[in-house]
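K.L.:
Any chance you can model this:
(4 chains)
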Protein chains: 2
Amino acid sequence: MPTERTEDYLEALDVIISEKGYAQVKDVSKLLGVGPPSVTEMFQKLGETGYINYEKYSGVTLTSKGKKIAEKTRKKHDTLKNFLLILGVNKKIANEDACRIEHVVNPETMDRLTKFVDFAQHVGDEPRWLDHFKHFYETGEYRECPLKEQDDQ
Amino acid sequence: MPTERTEDYLEALDVIISEKGYAQVKDVSKLLGVGPPSVTEMFQKLGETGYINYEKYSGVTLTSKGKKIAEKTRKKHDTLKNFLLILGVNKKIANEDACRIEHVVNPETMDRLTKFVDFAQHVGDEPRWLDHFKHFYETGEYRECPLKEQDDQ
DNA sequence: GAAAATATTTTGGATACCCTAAAAGGTTGA
DNA sequence: TCAACCTTTTAGGGTATCCAAAATATTTTC
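P.N.:
Presented below is the predicted three-dimensional model:
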């Protein structure tokens, strides 16, 4: 099992590599906000454990094992972020929270959240209940769904 | 800023103390699943930093500083757990996930989630859209809200 | 092609956790 | 009251992460 921090590094590597083909110490250092020695140290460990192709003083790439973790993590990240955006959380915070929650959330919860995001985005424009939630969020006023006893299939 | 683990310990202490008036090393050890030496070590630190009243070999209580953190954390926990239950996550997982997410979530996100839980629980029984979500979760079939262009305020 | 600039690595340390084994303190019941 | 039993603490270690300073490698620039 990769640690949380391992997932963070792999995810960052995937982002960087998808943009420039390989990643350097300084890229990861900047993206994760840690010093170069920490990155080198992690590169060494990730190299030994087969998550990345690492050779001293040269750019790294992900192995398929590393790519798998990175993609799984990015997918969780995206779902969480979309979920938070639906709730109305601002972009920056949605991103930061997604980054932290992605490491600790159970697969079953992810499954529910994924479906929830699908559900909220299923129709082209915002579903009525979501409008009602936003109205409620802003005013505290609840708009009752006008249908109550019919339509239950 | 208390660390995540500090929050965990304070929350556990609050739970135990609200039941028996004070907490012993063994109680926390059992509740958090860590060995007694780890608990003693943390008690010492929490004592020094003013979160608990600690004296060797005797039960501890929370200071008001500690109680404040504990309550804040428990409140977040509850909201997260309720939110996950609304989504249909099972009780055990909802609890575990709440326990981990509570430490990493931004106040703005908590605010949105709190309102969302209120919104979903506002009417006595499950709102229609939530039924629709559950139906969608189980079957992949989307039930359109039958009202579309009317009732916009 | 060597000096300057930049990037990476190594070294040596720090912190926050965790643990096992052993010692010490506290409690209790015959 | 004291031996046996719990409970807590101490001692000594371990891991994962971080850092600053110094050493080394690579790249750029003149």
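K.L.:
how near is A:N90 to B:R112?
P.N.:
Using CB to CB, to the nearest Å, A:N90 is found at 10 Å from B:R112. (Glycine included, C-beta is placed from N, CA and C.)
K.L.:
the more surrounded of the two?
P.N.:
Using other CB atoms under 10 Å in any protein chain shown as the criterion, A:N90 and B:R112 rank with B:R112 on top: 21 against 13.
K.L.:
The closest residue to that one other than its chain neighbours: neighbouring residues, count only.
P.N.:
Using CB to CB, 6 or more residues apart in numbering or on different chains and skipping the chain neighbours, the partner closest in space to B:R112 is A:L87 (4.4 Å). Counted with other CB under 10 Å, residues neighbouring A:L87 total 21.
K.L.:
for A:L87, what are its contacts?
P.N.:
Taking CB atoms under 8 Å, 6 or more residues apart in numbering or on different chains, we find A:L87 in contact with B:T109, B:R112, B:L113, B:F116.
K.L.:
what's the closest of those residues to DNA strand D?
P.N.:
Of all these, DNA strand D sits closest to B:T109, with 22.7 Å by CB to the nearest atom of the strand.
K.L.:
So the closest one is in contact with A:F83, correct?
P.N.:
No - judged on CB atoms under 8 Å, B:T109 makes no contact with A:F83 at a distance of 10.1 Å.
K.L.:
which parts of chain A sit against chain B?
P.N.:
Contact residues (CB under 8 Å from any CB of the partner chain) of chain A with chain B: A:84, A:87-90, A:93-94, A:96-97, A:100-101, A:104-106, A:108-109, A:112-113, A:115-116, A:118-119, A:122-123, A:127-129, A:132-133, A:136-137, A:142, A:144-147, A:151.
K.L.:
Now, of those residues, which are buried?
P.N.:
A:84, A:87-89, A:93-94, A:96-97, A:100-101, A:104-106, A:108-109, A:112-113, A:115-116, A:118-119, A:127-129, A:132-133, A:136-137 (16 or more other CB atoms under 10 Å in any protein chain shown).
K.L.:
now, which of the residues you listed lie within helices?
P.N.:
Those of these mapping onto helices are A:84, A:87, A:93-94, A:96-97, A:100-101, A:108-109, A:112-113, A:115-116, A:118-119, A:128-129, A:132-133, A:136-137, per DSSP state H.
K.L.:
Next, the buried residues of the helix or strand A:K68 falls within.
P.N.:
Assigned by DSSP states H and E, A:K68 belongs to helix A:64-87. Under the neighbour-count criterion of 16+ other CB under 10 Å, helix A:64-87 has A:66-67, A:69-70, A:72-74, A:76-77, A:79-87 buried.
K.L.:
Out of those residues, which are close to DNA strand D?
P.N.:
Restricting the buried residues of helix A:64-87 to those touching DNA strand D (CB under 7 Å from any atom of the strand) yields no residues.
K.L.:
how much space between A:L31 and A:T79?
P.N.:
Noted for A:L31: a distance of 21 Å to A:T79, by CB to CB.
K.L.:
same question, A:K134
P.N.:
Noted for A:K134: a distance of 21 Å to A:T79, by CB to CB.
K.L.:
Which residue ranges make up each domain of chain A?
P.N.:
Chain A breaks down by automatic domain parsing into domains covering A:4-68, A:75-139.
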